[in-house]
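> Following is a predicted model, sequence given first.
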Amino acid sequence: MRLPYLQVADEVDPKAQALAGLLGIHRQRAKGMLQELWTSALSWGHESEVPNGVVEGQAALAIIVGWCEWEGDATRLQQALQICGFLEVHASGLRVRGLSRYAGAFAKRRNDRERLQSLRHRSDVVGTSRGKTETETYTEKKKKQKGAGAPAAPPPPGWPELVEQLQAAYSSTVQQPYTFGARDGIALAKLRNEVKAPDDVILGVWRSALTSGQWPKVRDVPGLAQHWNVLLANASERPRVALLAVDRPRGA
């Protein structure tokens, strides 16, 4: 989630009870569905964008059904959420209502992060003009303690080949080079080690996400890991899907 909290106002209780009546479920389950709906909507989209609750494309309803873990009729769920004021039809899909209250908090958090980065940059510039900064000195000491000349550990099997294939697929599709950074390495390690996704499946879903207009916004490998379940479930080619132990993606 792009914010560290979720607000559930008192006014949700009567609406959750109404939702429970429309769906024929217990009130606590209806309230839990709403919490999952809002939490997932806050994590949707790129981490740099203000969460607006909009889920674009023809798969919008299927995505919302998955967020709510609803096993009944999808149209019935949509109608019930709309009647209770939790969902509305958007020009490009569906919009989860109730996220506007987070816009100010998200903007403040982003501004605070940018201000902190600016202060760190100024500190680095001042430190460089005077010589080595304390951070640089500390880093050099750590390198000497660990042995700066020691050879690096070899990468996992197939790692360079997979990275090259991901970069090549991005370049051929977007017509721009792709720089593989530290965050990409963390996300790729999660897909290979935690999700246990084979390299050919990772590459196939990556290509599909880059060429289809109905996917969530996937601009980098961390975005691929974040929306893995949705991308995998809607891929045109799904090799060994039943064998993958996928987990539900969560935002930053």
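Yep, it's here. Numbering: from 1, shown residues only.
> So Ala169 sits against Arg207, correct?
Yes. If you go by CB atoms under 8 Å, Ala169 and Arg207 touch, sitting 5.1 Å apart. Every residue, glycine included, has its C-beta placed from N, CA and C.
> The helix or strand containing Trp38 packs against which elements?
Taking DSSP states H and E as the criterion, Trp38 maps to helix 27-43. Applying 3 or more CB pairs under 8 Å, 6 or more residues apart in numbering; DSSP states H and E, one finds that helix 27-43 makes contact with helix 12-23, helix 60-68, strand 93-96.
> and Arg250, what pLDDT?
Reported pLDDT at Arg250 in the predicted model: 42.
> got it, and Glu71?
Predicted confidence (pLDDT) for Glu71: 91.
> Quick check: phi and psi on it?
phi -100, psi 0 (degrees, to the nearest 10).
> How about Gln165: what's its closest non-neighbour residue?
Leu203 (5.3 Å; CB to CB, 6 or more residues apart in numbering).
> name the helices or strands packed onto the strand or helix carrying that neighbour?
Using DSSP H and E, Leu203 sits within helix 199-211. Contacts defined by 3+ CB pairs under 8 Å, 6+ apart place helix 199-211 against helix 159-174, helix 221-226, helix 228-234.
> ok, Leu19 - contacts?
Residues in contact with Leu19 (CB atoms under 8 Å, 6 or more residues apart in numbering) are Ala30, Met33, Leu34, Ala80, Leu81, Cys84, Phe86.
> Closest to Leu116 out of those residues?
Leu116 lies nearest to Leu34 out of the contacts of Leu19, by CB to CB, at 33.6 Å.
> which residue packs closest to the closest one, ignoring adjacent ones?
Closest residue to Leu34 apart from its sequence neighbours, by CB to CB, 6+ apart: Ala16 at 6.0 Å.
> ok, now Leu188?
Spatial nearest neighbour of Leu188, excluding adjacent residues (CB to CB, 6+ apart): Val221 at 5.6 Å.
> In contact with the one you found, which residues?
By CB under 8 Å, 6+ apart, the neighbours of Val221 are Leu166, Phe180, Arg183, Asp184, Ala187, Leu188, Trp206.
> Pretty sure Leu77 sits against Val65.
Yes. Using CB under 8 Å, Leu77 is in contact with Val65, at 6.1 Å.
> between the two, which one's more packed in?
Set side by side, Leu77 and Val65 show more neighbours around Leu77, with 21 against 17, by other CB atoms under 10 Å.
> so which strand or helix has that one?
helix 74-83.
> which helices and strands sit right next to that helix?
helix 12-23, helix 60-68, strand 87-90.
> name the helices or strands packed onto the last one?
Right, the one you point to is strand 87-90. Under the contact criterion of 3+ CB pairs under 8 Å, 6+ apart, strand 87-90 touches strand 54-56, helix 74-83, strand 93-96.
> closest one to Pro160 among these?
strand 54-56 (34.9 Å).
> Which positions within that closest one qualify as buried?
Val54, Val55, Glu56 (16 or more other CB atoms under 10 Å).
> Now do the contacts for the nearest residue to Met33 once chain neighbours are set aside.
In space, and not counting its chain neighbours, Met33 is closest to Cys68: 4.4 Å by CB to CB, 6+ apart. With contact taken as CB under 8 Å, 6+ apart, Cys68 is in contact with Met33, Glu36, Leu37, Leu77.
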